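1. Using only what follows, build the 3D model:
(chains A, B and C)
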Amino acid sequence: MPELAELILTADYVNEIAKDKVFYAIVKNPVHKGLDISQDIQVPFTIKAKSRGKELKLELNSLPDSNLYISANLMMTMGMAGHFKWVKNGFVEKHAHLIFKSDEGCLAFVDVRRFGKWKWGYWGEDRGPDPINDFQNFVRNIKNNLHKRDFDKPICEVLMNQKYFNGIGNYLRAEILYRTDINPFMPARQALQLAPEIYKLCKWAPLQAYNLGGGQLKDWQNPFGPYKEMMKSWDEFMLCYGNKNMAKVEDRNGRTFWYDPKWKTDI
DNA sequence: CGTCCACGTCTAC
DNA sequence: TAGACCTGGACGG
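-> As a prediction, this is how the structure comes out:
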C-alpha cells in the first residue's frame, strides 16, 4: 500500500480538500465488492481525516444545524494503490470506487486494484501504535511483547507485522534495515537488542518519505501532484528498495525483500 | 501476443 | 503457507 508516509499525505490531502466543503451523498461503484454504505448517511456531512499506521479514519459529522446528529468513523485501508482525488463536476475518474459528493465536485477514493477496504468502526485492534505520531507507545508495544514467538522470526519479516510495525511496508523495511549494520535475517528479538536504533529508524524513514512528498512509485499517485523538484532527494532516500545493485529474495510471505548484498540470507 | 511484477491484506486447506 | 483478490505497466519473443 501506500505505507505510513503516504497515509499521512492522504489524510493531509483529504483535510485540505474537505476543510471548506459539505458533502451530501456517498456513492459506491457497483463493480467493487466492498460494503455498500451509500444509504447509511442521509444528511449533509463534513469530512475530517486522520491516519494511524496504514489505516485511515474519515470522521463524518452532520452539520451543527442538522435535525439529525450523525458522527461516524469510516475506517479505510488503501491496499496497494488506493488514493484520494478531487474530481470536478462533469469529469469521471476511472477506478473511483467510493465517491463523496459535494456541490462543487466529488472526493473520490481511486484504487485500480481494489485491494483497499472500508468499514464503520475504529482503529484496528490488531494493529500497533503509529511509529511517527505515537512513538513512545510504538516502542513500548514492541518491548512489552518481545518475549513472544512473533519475534523469533527474522527482523526483515517482523518489520512487516502490523501488530507491532503499523505502517511499515515493503519499501520502508528495506530502507530501515539498510541503514542498520545488522544482518536483516537475524531473529527480530536479537536484532532489536543489538541494534535498538531500528526503533528510531521506524520513525525517521517514514518521516523522510513524508517530507519528500511520499512514494514516487508507479501505482500510487501523490495526491498533491508530481514533486519533480524533489526527485533527486527521493532518489537519495530510496537507496535499497528496487536498486539493481542490491540483493533481493522472496520472503516467507511471498514478498520481495531488498537488502545489502553483503549479508547472507538464512531464508 | 505472453509472462512477470507491483507501496497489502485475508481466508481457506 | 499457498492462493485469492485485481489492474496495468514493463519487457521479451
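2. use CA for all of it now, contacts and neighbours both
-> Noted.
3. which stretch of helix or strand covers the closest residue to DNA strand C within the stretch 151-267 of chain A?
-> Nearest to DNA strand C in the stretch 151-267 of chain A, going by C-alpha to the nearest atom of the strand, is A:Arg252, at a distance of 6.1 Å. Using DSSP states H and E, A:Arg252 sits in no helix or strand.
4. what's around it, how many residues?
-> 11 (other C-alpha atoms under 10 Å).
5. how much space between it and A:Val158?
-> A:Arg252 sits at a distance of 11 Å from A:Val158 (criterion: C-alpha to C-alpha, to the nearest Å).
6. now swap in A:Ile70 and tell me
-> 39 Å.
7. A:Ile182 now?
-> 14 Å.
8. of those two, who's got more company?
-> A:Val158 (20 against 17).
9. Surely the more buried one is in contact with A:Leu146?
-> No: in terms of C-alpha atoms under 8 Å, A:Val158 does not count as a neighbour of A:Leu146; the distance is 11.2 Å.
10. ok, which stretches of chain A are strands?
-> A:23-28, A:45-52, A:55-62, A:71-77, A:83-88, A:96-102, A:105-110, A:117-120, A:247-250, A:256-259 (DSSP state E).
11. is the residue nearest to A:Val87 when sequence neighbours are not counted in a bridge, and if so with what?
-> Nearest non-adjacent residue to A:Val87, counting by C-alpha to C-alpha, 6 or more residues apart in numbering: A:Cys106, 5.2 Å away. A:Cys106 has the following beta-bridge partners by DSSP bridges: A:Val87, A:Lys101.
12. elements contacting the helix or strand of chain A with the lowest mean pLDDT?
-> Sorting the helices and strands of chain A by mean pLDDT, DSSP states H and E puts helix A:231-237 at the bottom, at a mean of 84. Counting contacts by 3 or more C-alpha pairs under 8 Å, 6 or more residues apart in numbering; DSSP states H and E, helix A:231-237 is packed against helix A:197-211.
13. Number of residues surrounding the closest residue to DNA strand B within the stretch 151-267 of chain A?
-> Of the residues in the stretch 151-267 of chain A, the one nearest DNA strand B is A:Leu217, at a distance of 2.4 Å by C-alpha to the nearest atom of the strand. A:Leu217 has 11 neighbours, counted by other C-alpha under 10 Å.
14. repeat for the one 3 residues further on
-> Applying other C-alpha under 10 Å, we find 20 other residues in the vicinity of A:Trp220.
15. The nearest residue to it once chain neighbours are set aside: neighbour count?
-> Among residues not flanking A:Trp220 along the chain, A:Ala81 sits closest, at 5.1 Å (C-alpha to C-alpha, 6+ apart). By other C-alpha under 10 Å, the residues close to A:Ala81 number 19.
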